[in-house]
Each structure stands twice: as C-alpha cells, then as structure tokens.
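J.: sequence and predicted model, in that order:
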Amino acid sequence: MKRITIYIISCLFIQTSVAQIGVDSVMKQVERNNKSINANKKYWNAKREEYKTGLTPYDPLVEYDYMWGSPVGAGNQRDFSVTQRLDFPTAYKRKKELSGQQIAQTELKQQVHRQNILLEAKLLILQVIYLNKKGVELNRRLINTQNLVNDYQKKFDKGDATILDINKAKLQLLNIQNEAGLSENERQVILTKISELNGGLPVVITDTIYPSLPPSIPDFETLDSIIEANDPIIKVYEQEKRIWEQQIALQKAMNLPKIETGYHSQGILGQSYRGFHAGIVIPLWENKNKPNAAKSNLDYVNSIAETHILEHRLENKQYYEQLDIREKMLQEYKQLLSSLNNTALLNKALALGQITIIQYFYDESFYFTAYDKYLQAEWEYQQAVGRLFKFQL
C-alpha cells in the first residue's frame, strides 16, 4: 500500500507541475556537457592544426666539412654549404588548397557526430515524455481501482459482497500497481541514459506534452530533397571528393622536378672558392603510384556516397510511411476515445448493479488497451518526426 501511495504522489506531481526543464533546454545542456561531443571537438581542432602543417618549403640543409690533409704539408680542406630544396612552384598552391579542403571537412564531421548524439538524446527525451503520460494514466487507474477495493472491502465487511469480488478487485489493483512500477523503473533507466549523455549531470523531465511539430510536413519527394540538401554526411562525402580531386592535382605537381639551390664555399692551401649551388631532383619512382592511389580513393568515395544516398532515402521513406500510418491511427483513436467516458459509465453501471465486478474489469480492459495503443502510436509518431528532421538539430 505504501508503494502505491508513493507512486500516486509522484504521478500527481508529474501531472500538475509545470515542467522543470523544457526539451530544448535539455538538448542545449547535452550539447554543452556531453563528453563525446567535447572530445570530438578537441580531436578535430587538433586535426585542423595538423592540416596546416607541410605547407612551407623544406628546411635548409647546412653542411660543414673539415678534412686534414695527408701527407704533411698537403694542407687542410674546409667545405661549407647551405642548400635549399624546393618543390615545383605549383605544388605549394596545391598543398594550400588541399589544406583548406581538409579543414573545411572537419566542421562537417564534427556536425555529423554532434547530430548523432543530439538525436539519441532527443529520442530518449521523447520516451520519457511518453512514460510521463503513461504514468499519469496509470495513476488515474490506480486511484480508481484503489477506490473500488476500498468500496468492496466495506461491502464485504457488511456482507454485501463476496470474497471473489474483493479478490478480483485486489488482483486488478496488483496488476496495475506492477505495471506502474515497471513503467516508473523504465523511466528512471531512460533518465539515467540522458544523464550519461549530459556528462553525468542529472536531468529532471516532467513534461507530459511533446515538443511542437513542424507546421506542415511536405510530400515525401520534397522532404527527401530538403533532407538530402542538409544532410551533413552527404556533405562530408562531397567534401571528401574535393579532397581526393585535390590530392590527384597535388600528386601530379609533386611528380614535377624539384629544385635545389644554395651557397657553397671551399678552402684549401690558403685558396678559397665560393659560388652558388644548383640542382634538380628528377622524379623517377618516389611518387610513382600515388596519383593512381588517389584516383582509386576518389572512385571509392563516389561509390559510398551513392550507397549512402540510396540507403538514406529508403530509411527516410520508412519513417515517412510510419508518419502516415501513425497519423491515421491517432485520428481514429482520438475520435473514439473522445466519445467515451468508459470509467464513469462503468462505475455508474457497477453502482446500480447492472454489471458484476468481473464484467467491470473485463470491459475496462478494452479501454485500457485502446488508450495504451494511442499513447504508443503518439510516441512512435514523434520518433519518426524526430528522425526525419534530424538535420535541424
């Protein structure tokens, strides 16, 4: 009995209190506190710095040689040189362009990771709202059934009810109590998962109203084109194509001759020689297969981009069809449930002796089943919308 009272109080709190924290606020907290998002951000910051390296010429080479002559009197020789190797001039332009493309991609990959985390958080929040609504309904059932148990206990004490009647009422109360306990336990588990996404910080969600839906959902082809235009994964692949195209151009530039220039001085037997050093590096085999490797990678990216677009379209089609089915279900259930006041009618019929307690609970179970399916369909509808509009996170 104590456990029933505690659950009723908690459900009443959910039902009557103003939400302590809105869905948007929870999402902002998760984005700010999530360990994975923060770690991913630091990772791509490091990669951006890495992509800025290698854009300058090679380090100059400074050499000094001192050689003792033999036999005695042959004199000692001193050589000093400073040499600078340079890639073909167009290579530096290609390297800078490649660096810019790689840095631009880090933002897109960071966005993909962020959206995946936020979608996970949003779906969990929607589940908590569903369980809150279910908790309110189970609380109503608990109160009504507890009142019936109390009434039949009084009737039984007066000899106006049988032991079968009161046992049936207590059994129904126990079933609802257990269902309520399991629902609350599931709710706490989901809140713990949201807390994990929120960097370990607890979150209180008492909402029983889902977030506002888009004003209108367009036809599938229009919506799918909007999703594709804003899908960060597609943008990642498009950027990856640009990177490998730039890699191909860079490898062609790197296959052009390298230039060496510098200063060289030599001293021997009191005589000195000074002059300029010039050389050329002929590219024969160092970068032989790199252009072909870059082309193969470009073909691979084109292939997986096409695969993603097809898979993503089919996935969106699945969620869109869920919207259509769930919307019809919701309309049908709303019309039916709005015209029913099943509990009040059953209570009146039971009080007048028109039905038995067994008939009461049997008829009541049909209403319970219909309302539970309505709540389930509403939650699944919200989930489908959340997944389809993931690109807005």
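T.: Perfect, thanks for sending it. Please read all numbers here as calculations on a predicted model, not as lab measurements.
J.: can you give me the strands in the stretch 51-200 of the chain?
T.: 61-67, 77-86 (DSSP state E, counting those that start in this stretch).
J.: wait, which of those strands is closest to residue 371?
T.: strand 77-86 (77.4 Å; Cβ to Cβ). (C-beta placed from N, C-alpha, C; glycine too.)
J.: using PDB, list the CA coordinates for the closest one.
T.: These are the backbone C-alpha positions of strand 77-86, laid out as PDB (Å, rounded to 0.1, in the frame of the first residue of the first chain):
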ATOM      1  CA  GLN A  77      90.400  21.400 -46.700                       C
ATOM      2  CA  ARG A  78      87.300  23.200 -45.400                       C
ATOM      3  CA  ASP A  79      83.900  23.000 -47.200                       C
ATOM      4  CA  PHE A  80      80.800  24.900 -46.200                       C
ATOM      5  CA  SER A  81      77.400  24.800 -48.000                       C
ATOM      6  CA  VAL A  82      73.800  25.900 -47.500                       C
ATOM      7  CA  THR A  83      71.300  24.000 -49.600                       C
ATOM      8  CA  GLN A  84      67.600  24.600 -50.000                       C
ATOM      9  CA  ARG A  85      65.300  22.100 -51.800                       C
ATOM     10  CA  LEU A  86      62.100  23.400 -53.300                       C
END
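J.: and it, what does it pack against?
T.: strand 61-67, strand 258-268, strand 271-281 (3 or more Cβ pairs under 8 Å, 6 or more residues apart in numbering; DSSP states H and E).
J.: from residue 290, how far out is residue 251?
T.: Distance, residue 251 to residue 290, by Cβ to Cβ, to the nearest Å: 5 Å.
J.: before we move on, the earlier item: of all the helices and strands packed on strand 77-86, which one comes closest to residue 246?
T.: Among these, strand 258-268 comes nearest to residue 246, with 20.0 Å by Cβ to Cβ.
J.: any idea how far the residue nearest the centre of the chain lies from residue 28?
T.: For the chain, residue 116 is the residue whose C-alpha lies nearest the centre (Cα atoms, centre = their mean; 1.1 Å). The gap separating residue 116 from residue 28 is 17 Å, by Cβ to Cβ.
J.: stretch 231-251: which residues count as buried?
T.: 231-237, 239-251 (16 or more other Cβ atoms under 10 Å).
J.: do the same with stretch 176-187
T.: Here stretch 176-187 shows 176, 177, 179, 180, 183, 184, 187 as buried, counting by 16+ other Cβ under 10 Å.
J.: if we can go back for a sec, now render the helices and strands packed on strand 77-86 as CSV, adding mean neighbour count.
T.: As requested, the helices and strands packed on strand 77-86 are exported to CSV (neighbours: other Cβ atoms under 10 Å):
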stretch, mean neighbour count
strand 61-67, 11
strand 258-268, 15
strand 271-281, 11
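J.: among those, which is nearest residue 390?
T.: strand 258-268 (48.2 Å).
J.: specify the angle between that closest one and strand 77-86 in degrees.
T.: 170 degrees (axes from the mean of the first three to the mean of the last three Cα atoms, to 10 degrees).
J.: just want the angle from strand 258-268 to strand 61-67.
T.: Angle of strand 258-268 versus strand 61-67, following the same axes, to 10 degrees, is 30 degrees.
J.: quick one: list the elements packing against strand 258-268.
T.: Using 3+ Cβ pairs under 8 Å, 6+ apart: strand 258-268 touches strand 77-86, strand 271-281.
J.: gap between it and the chain center?
T.: 58 Å (Cα atoms, centre = their mean, to the nearest Å).
J.: just the CA atoms of it, as CSV, please.
T.: C-alpha atoms of strand 258-268 as CSV (Å, rounded to 0.1, in the frame of the first residue of the first chain):
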residue,chain,number,x,y,z
LYS,A,258,62.3,19.5,-57.5
ILE,A,259,64.8,22.3,-57.5
GLU,A,260,67.9,22.7,-55.3
THR,A,261,69.7,25.9,-54.8
GLY,A,262,72.2,27.2,-52.3
TYR,A,263,75.7,28.5,-51.5
HIS,A,264,78.9,26.6,-51.4
SER,A,265,82.4,27.6,-50.3
GLN,A,266,85.7,25.6,-50.3
GLY,A,267,89.1,26.4,-48.8
ILE,A,268,92.4,24.5,-49.3
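J.: what's the average pLDDT for it?
T.: What strand 258-268 shows for mean pLDDT is 87.
J.: do stretch 230-240 as well
T.: On average, stretch 230-240 scores 93.
J.: pLDDT below threshold where in the chain?
T.: Scanning the chain for pLDDT under 70 picks out 1-21, 73, 340-342.
J.: now do the helices in the stretch 151-300 of the chain.
T.: Applying DSSP state H, counting those that start in this stretch to the stretch 151-300 of the chain gives helices spanning 163-197, 220-230, 232-254, 290-338.
J.: residues in contact with the nearest residue to residue 280 once chain neighbours are set aside?
T.: Spatial nearest neighbour of residue 280, excluding adjacent residues (Cβ to Cβ, 6 or more residues apart in numbering): residue 257 at 5.1 Å. Counting by Cβ atoms under 8 Å, 6 or more residues apart in numbering, residue 257 makes contact with 88, 280, 281, 282, 283.
J.: please give me every residue in contact with the last one.
T.: The reference is to residue 283. With contact taken as Cβ under 8 Å, 6+ apart, residue 283 is in contact with 254, 255, 256, 257, 258.
J.: which member of the residues you listed is positioned nearest residue 383?
T.: When these are ranked by distance to residue 383 (Cβ to Cβ), residue 254 comes first, at 50.4 Å.
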